[in-house]
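Asks: have a look; sequence and predicted model below, questions after that.
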Amino acid sequence: MSPNAAEATAVAHPNIALIKYWGKADAVRNIPAVGSLSITLDGLTTTTRLRFDPDLGADRFVLGGRRAPEMEARVTSCLDLLRQRADVETRALVESDNDFPTAAGLASSASGFAALVVAADRALRTGIATADLADLARQASGSAARSLFGGFVEVSLTAGARGVMPRTKQVLEPSAWPLGVVVAVTDTGPKDVGSTEGMVRTERTSPYYSAWVDSSGADLAEARAAVERLDFEALADISELSCLKMHAVMLSARPGLVYWNGATVECIRRIRELRADGVGVFFTIDAGPQVKAVCLPEAQNRVATELGAVPGVGRIIESGLGDGARIVEAVG
Ligand code: PMV
């Protein structure tokens, strides 16, 4: 079997963690220190076209129509995992497009690496099971494993012969509990400190890091149970707790990691007021200043209007829950 001229296009969506991952148990193997639980979106999409080309001496990565050499080492390491399985050396041209701002806390690396492994698996005809593709994507970006699946997705950690190993699986189909997400974009610039550097700094310097790791398993179990019962109030409480705990441990690093801006805080206040008024909404925030408001379907329009009116919110992106990474076109 030759991968010559084999080509595949995959799409994947970002996911948003409700129970957060922050910190690595093993930095070399990129094993997360904590499990996580996320929702996969449908409103934001990464489309990745990959073509193995025997004439290429190295992989080429083009993001949004521009060569992105700073990303090529990570792309190559990820593709190498699949090339090893297929026993081929051929390099690839990878062209990826996001229909949302890149590197601004909207998890473009998650959808990007999820789409990449799915496209490479198809082009190389490796036939790797989805959970195993998730594990390959995880080695490039911890949160990418979750974008292989749709709906509600859990990464759990289990102790094995080679130490702790993460396992990714779907907890609930998107149609089983069709929540909405309103993203309040407060800044579209790239973040100051990337997640890997931020995690290393937090692990090394935060006096609260061990408390974060020790308490996250209970948060994950509570969130999984809330999802299984479709209990929005319970999921809201535990998700906001996980988010605020993650930001507390980030803030307590040295120097402290402050990913929020003024509009981020105003959105939190507004969401809490709405919830106190009986509107089904809660917030979550990642390593960037955007606020993601998770809502019951009937609350989504109101939440979008209210957050759009918060000073400093430049753009509102709305989404439902979507499917996992998948092939949309293949040749060869
Ligand atoms: O996948 P990474 O290495 O970019 O880390 C993602 C970390 C957070 O987005 C802040 C939390 C999470 O679980 O997605």
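Replies: Looks like it came in fine. Numbers count the residues shown, from 1 in each chain.
Asks: surely Val200 and Ala33 touch.
Replies: No. Val200 lies out of contact with Ala33 (C-beta atoms under 8 Å); the separation is 11.3 Å. (C-beta placed from N, C-alpha, C; glycine too.)
Asks: joint contacts of the two?
Replies: Residues touching both Val200 and Ala33 (C-beta atoms under 8 Å, 6 or more residues apart in numbering): Lys24.
Asks: contacting residues around Thr158?
Replies: Neighbours of Thr158 in contact, by C-beta under 8 Å, 6+ apart: Val164, Met165, Arg167.
Asks: in the sheet, which residues pair with the first one? Tell me.
Replies: Meaning Val164. For Val164, the beta-bridge partners are Ala159 (DSSP bridges).
Asks: which of the contacts of Thr158 sits closest to the ligand?
Replies: Nearest to the ligand among the contacts of Thr158, counting by C-beta to the nearest ligand atom, is Arg167 at 15.4 Å.
Asks: nearest residue to the closest one other than its sequence neighbours?
Replies: Computed as C-beta to C-beta, 6 or more residues apart in numbering, the closest residue to Arg167 that is not its neighbour in sequence is Ser156, at 5.5 Å.
Asks: and the one you found, which of the three is it?
Replies: Three-state call for Ser156 (DSSP: H, G, I helix; E, B strand; the rest coil): strand.
Asks: neighbour-wise, which of Val200 and Ala33 wins?
Replies: Per other C-beta atoms under 10 Å, whichever of Val200 and Ala33 has more neighbours is Ala33, with 22 against 15.
Asks: ok, the more buried one to the ligand distance?
Replies: For Ala33, the distance to the ligand (C-beta to the nearest ligand atom, to the nearest Å) stands at 11 Å.
Asks: so who does that residue touch?
Replies: By C-beta under 8 Å, 6+ apart, the contact set of Ala33 is Tyr21, Trp22, Gly23, Lys24, Ala25, Glu203, Val213.
Asks: which residue, neighbours along the chain excluded, lies closest to it?
Replies: Gly23 (3.7 Å).
Asks: next one: Gln300
Replies: Gly180 (3.7 Å).
Asks: equivalent analysis for Met250, please.
Replies: Spatial nearest neighbour of Met250, excluding adjacent residues (C-beta to C-beta, 6+ apart): Leu257 at 4.0 Å.
Asks: you'd agree Glu154 is up against Thr40?
Replies: No. Using C-beta under 8 Å as the test, Glu154 is too far from Thr40 to be in contact (11.8 Å).
Asks: more crowded one of these two?
Replies: Shown here are Glu154 and Thr40; by other C-beta under 10 Å, Thr40 has more neighbours (28 against 22).
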